[in-house]
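# Turn this into a structure:
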Amino acid sequence: MRKIYFFVAFFIPTTFLFGQTTTPTQTSTPPASGTDNGTATMNNLQGLLRMQLTIAPSWDVKGSSGNTDGSIAGDRTNIYLHGTLEYYWTERFSMRGDAFYLMNKEKDKPGGGGVQANHTIEVGASYHLRKGMGWDPYIGLTGGISYVKIYPMDFTRHDGLVLEDYAIAGHLEPVWAPRIGMNFFGAKVFHFFIEAQYLMGTYRPPVGPILSLNEVRISAGLGYNFVILHKAATIQQKI
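I've put the predicted structure just below:
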């Protein structure tokens, strides 16, 4: 359970934001005579807070030789729980935070040394290629850290002594990832998203094998979006 605490810390604070609705850029709809329904029509993405939680498969990146023995995935598909928070400062520029939690641990690898943890937190920015609502193509770049840990394994020291079931401590490694994706905004608070990121990094523990963290991670699903810091009682997004 302690390994999902960072997800709780990452998403729970957002619940305090949803008590307000908002956008700095919007078109107010004049109320009918004698009424004041406080309704506003959103016509662009500025001021939008977007969130998503999905399952993301990933595949390691093979070198020219096709050998994946030195990669974190070891020629298998890793599965992550992926969460995102993103805020649109302007129609073109947004900032985002992402968290990945490895779900399919590799307990039964022959000889030990299978992946026990490969959890990542990233922050970065995206540039949006189109203004307005509807479909939202973007490119982005994030950087962060990965907590990597492998199961105990037989380890041979430099002096030739073999240590059986040697427990290798977890290690924090810097990572970075360019990404490309598309959001499709529908009515009210829902949107569909699909994106791919190429995460790059290297696992360098004090002892044990050095592994490449390079992976292509694919995420898709249904997300939620809210407008924040606005006093209007309701927001209707205009597609």
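
# Any idea how many residues pack against the closest residue to Phe185 other than its chain neighbours?
Leaving aside its sequence neighbours, Phe185 sits nearest to His191 (C-beta to C-beta, 6 or more residues apart in numbering; 4.6 Å). C-beta here means a position set from N, CA and C on the backbone, and glycine is covered the same way. Look at His191: counted by other C-beta atoms under 10 Å, it has 23 neighbours.

# got it, and the one 3 residues further on?
Other residues within reach of Ile194 by the criterion other C-beta under 10 Å amount to 14.

# Tell me how far it lies from Pro205.
34 Å (C-beta to C-beta, to the nearest Å).

# same deal with Ile145?
Ile145 is 15 Å from Pro205, by C-beta to C-beta.

# got it, and Ala177?
For Ala177, the distance to Pro205 (C-beta to C-beta) stands at 21 Å.

# do the same with Phe100
Distance from Phe100 to Pro205, by C-beta to C-beta: 20 Å.

# Over to Glu164?
Relative to Pro205, Glu164 is positioned 18 Å away (C-beta to C-beta).

# Averaged pLDDT, stretch 105-122. What do you get?
When pLDDT is averaged over stretch 105-122, the result is 79.

# And it, end to end?
Stretch 105-122 stretches 21 Å from its first residue to its last (C-alpha to C-alpha, to the nearest Å).

# shouldn't Pro206 be in contact with Tyr166?
No: here Pro206 lies out of contact with Tyr166, judged by C-beta atoms under 8 Å, at a distance of 11.8 Å.

# more crowded one of the two?
Tyr166 (16 against 7).

# The more buried one contacts Thr156, doesn't it?
No: the criterion here is C-beta under 8 Å, and Tyr166 misses it with Thr156 at 9.5 Å.

# is it true that the residue nearest to Phe185 lies in a helix?
No: under DSSP: H, G, I helix; E, B strand; the rest coil, His191 falls outside any helix and is assigned strand.

# quick one: contacts for the nearest residue to Gly132 once chain neighbours are set aside?
Spatial nearest neighbour of Gly132, chain neighbours left out: Asn44 (5.7 Å); criterion: C-beta to C-beta, 6+ apart. Asn44 makes contacts with Thr25, Glu91, Lys131, Gly132, Met133, as judged by C-beta atoms under 8 Å, 6 or more residues apart in numbering.

# Select only the buried ones of those residues in PyMOL?
Selection command for PyMOL covering only the buried members of those, criterion 16 or more other C-beta atoms under 10 Å:
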select buried, resi 91+133
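
# Generate TSV for the contacts of Asn44, with secondary structure and pLDDT as supplementary columns.
Output for the contacts of Asn44, formatted as TSV (DSSP: H, G, I helix; E, B strand; the rest coil; pLDDT from 0 to 100):
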residue	secondary structure	pLDDT
Thr25	coil	43
Glu91	coil	89
Lys131	coil	83
Gly132	coil	76
Met133	coil	76
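
# Closest one to Leu53 out of the contacts of Asn44, please.
Among the contacts of Asn44, Met133 lies closest to Leu53 (C-beta to C-beta), at 22.5 Å.

# my guess is that closest one meets Leu45, correct?
Yes: with contact defined as C-beta under 8 Å, Met133 reaches Leu45; the gap is 6.8 Å.

# what is in contact with those two at once?
Phe185.

# per-residue confidence averaged over stretch 140-155?
For stretch 140-155, the per-residue pLDDT averages 88.
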